[in-house]
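In: Return atomic coordinates for the entry below.
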Amino acid sequence: MDTHSTQGESSTPSNTRGESYTFFKFFCDLLLCFRDHHYDRLRQDGLEKGIKESNSSMDNNFAQAESSISSNTRITQGESSTSSKFFYEVFLSFSGEDTRKTFVSHLDHRLRQYGFQIFKDDKSLRKGDVISPALEEGIEKSRISIVVLSTNYASSRWCLDELVKILECKEKLNQRVMPIFYDVLPTEVRKQTGKFGTEFAKLKKKCGAQRMEEWKAALTEVANLSGSELRELANRDESEFIEIIIQDVKKEVNPIPLHMASCPVGVDSRAKDIIESLLQNGREHEVSMVGIHGVGGIGKTTLAKQLYNQSLQHGHFDGSCFLSDVRSQDENIGLHRLQQKLLNILLKSEDSVNFVDEGINLMERRLRSKKVLIVLDDVDTEKQLKSLTKRNWFGSGSLIIITT
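Out: Okay, the predicted model is just below:
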């Protein structure tokens with residue numbers, strides 16, 4: 001069997017073989033894996049032999065998959081995207097009077113630049129005597145709550161009710177709470193003393209004793225949590241303080257690795273070799289595309305999963321998606337729905353894509369500045385590749401893995 005028919009058996013009609021080869025040639029051209037003399041390169045790498053001997057050992061099959069990956073570009077396959085019960089990464093709780101137009105505005109801007117999904121309450125949500133259902137939902141759907149404690153936080157019923165809800169979600173939903181002591185000391189919050197205590201005492205005339213006790217308990221609890229204190233960084237400006245917070249958030253919200261029931265011998269080391277090769281060649285400043293090609297059952301998906309998981313460990317991405325079984329999903333729901341799924345997972349958005357050309361425009365426009373990690377699993381047509389990935393759609397440092 002020659003390379004023209006790598007995707008079919010000996011009984012496959014000739015036109016199907018031709019389509020398979022046309023796709024394979026496009027696949028190689030896209031990745032720049034085999035710029036010239038496709039047949040010679042395939043024979044040198046032993047891919048042809050691997051295709052003929054589909055019953056060869058698993059180790060040899062992994063070697064075959066690895067040999068199809070050139071030094072210029074690569075692809076892998078993927079499964080499903082990283083799942084989470086949270087829609088937002090960060091909920092910001094703060095006193096608007098103190099920090100909305102200063103510290104919180106700068107923090108919110110930097111978090112969004114890194115691609116984090118933020119819930120920052122609007123003034124219109126703070127009406128009446130209690131926090132609105134929209135605010136409660138925002139807290140419940142956030143993985144982290146950053147509580148910016150400032151002097152006037154203590155005199156705001158809405159802030160204090162938010163804090164009670166935040167700590168409730170910490171207990172019930174295992175959320176992370178990050179207190180930021182902006183212009184107050186932890187001990188002032190814990191014991192309600194100093195200017196912070198003075199502001200808090202003003203609420204006694206407006207609120208009942210039971211509510212005051214509930215707020216006191218919440219303030220004591222949040223002050224006992226590990227947090228960041230601006231006064232400790234007297235020789236640094238706010239921008240440096242914000243970068244410290246950003247790094248803490250990045251550590252907390254790193255995507256969850258894909259589950260792997262078992263990892264065949266040799267897969268882990270091969271994945272490490274590929275990642276190290278990309279790093280050593282300065283690929284972290286470019287858009288890299290990794291390709292794995294071969295017959296079914298040789299472990300392409302397993303290698304792709306390992307590459308995906310190890311890539312998440314080696315660096316931060318603005319978004320990541322493991323899109324499984326592209327061929328089947330294309331047949332069942334259409335390419336435009338796959339584009340929609342990819343966009344919404346990467347951006348944590350709720351975009352709607354009605355047709356393929358619209359999806360291409362959206363992806364090119366909205367992902368251009370994003371450093372993303374994408375795995376496309378079981379791609380089998382040129383149209384799928386053109387509709388789901390192109391090198392200049394993504395920001396520097398992006399890694400695109402495709403299997404076919």
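In: Could you list the low-pLDDT ranges of the stretch 51-200 of the chain?
Out: Applying pLDDT under 70 to the stretch 51-200 of the chain flags the ranges 51-85, 122-130.
In: how does it look with 90?
Out: For the stretch 51-200 of the chain, applying pLDDT under 90 flags the ranges 51-89, 96-102, 110, 112-117, 120-135, 158, 173-174, 183.
In: In it, mark out all the strands, start to finish.
Out: Assignment of strands within the stretch 51-200 of the chain using DSSP state E, counting those that start in this stretch yields the ranges 88-93, 118-120, 142-149, 176-181.
In: list the helices and strands the shortest one packs on?
Out: In this structure, strand 118-120 makes packing contacts with strand 88-93, helix 103-113, judged by 3 or more Cβ pairs under 8 Å, 6 or more residues apart in numbering; DSSP states H and E. The way it works is simple: take the backbone N, C-alpha and C, and place the C-beta from them, glycine included.
In: what lines up beside that strand in the sheet?
Out: If you go by DSSP bridges, strand 118-120 pairs up with strand 88-93 (parallel).
In: neighbouring contacts of the strand it pairs with?
Out: For strand 88-93, the external contacting residues (Cβ atoms under 8 Å, 6 or more residues apart in numbering) are 104, 107-108, 111, 116-121, 138-139, 141-148, 159, 162-163, 166, 249, 253, 348.
In: 7 Å instead, please
Out: Under the criterion Cβ atoms under 7 Å, 6 or more residues apart in numbering, residues 104, 108, 111, 116-120, 138-139, 141-148, 159, 162-163, 166, 249, 253 lie in contact with strand 88-93.
In: Next: stretch 134-150.
Out: In contact with stretch 134-150 (Cβ under 7 Å, 6+ apart) are residues 86-95, 98-99, 103-104, 119, 121, 125, 162-163, 165-166, 169, 173, 175-184, 189, 222, 249, 252-253.
In: Quick check on the closest residue to residue 153 other than its chain neighbours: phi, psi?
Out: Sequence neighbours aside, residue 95 is the residue nearest to residue 153 in space, at 4.3 Å (criterion: Cβ to Cβ, 6 or more residues apart in numbering). Backbone geometry at residue 95, expressed as degrees, to the nearest 10, gives phi -90, psi 120.
In: thinking again about what came up before, so which of the strands of the stretch 51-200 of the chain is nearest residue 320?
Out: strand 88-93 (12.9 Å; Cβ to Cβ).
In: Would you mind checking the contacts of stretch 134-150 for buried ones?
Out: 86, 88-95, 98-99, 103-104, 119, 121, 162-163, 165-166, 169, 175-184, 189, 222, 249, 253 (16 or more other Cβ atoms under 10 Å).
In: Quickly note the distance from residue 367 to residue 345.
Out: For residue 367, the distance to residue 345 (Cβ to Cβ, to the nearest Å) stands at 12 Å.
In: Which one's more surrounded, these two?
Out: residue 367 (23 against 20; other Cβ atoms under 10 Å).
In: pretty sure the more buried one contacts residue 394?
Out: Yes. Taking contacts as Cβ atoms under 7 Å, residue 367 lies within contact range of residue 394: 5.5 Å.
In: what's the burial count for residue 159?
Out: Residue 159: 24 neighbours (other Cβ under 10 Å).
In: Just give the nearest non-adjacent residue to it, would you?
Out: Using Cβ to Cβ, 6+ apart, the closest residue to residue 159 is residue 153 (4.8 Å).
In: what about that neighbour, neighbour count?
Out: Neighbours of residue 153 (other Cβ under 10 Å): 29.
In: how near is it to residue 209?
Out: Distance, residue 153 to residue 209, by Cβ to Cβ: 21 Å.
In: roughly how far apart are the nearest residue to residue 143 once chain neighbours are set aside and residue 173?
Out: Using Cβ to Cβ, 6+ apart and skipping residues adjacent in sequence, the residue nearest residue 143 is residue 86, 4.2 Å away. Using Cβ to Cβ, residue 86 is found at 8 Å from residue 173.
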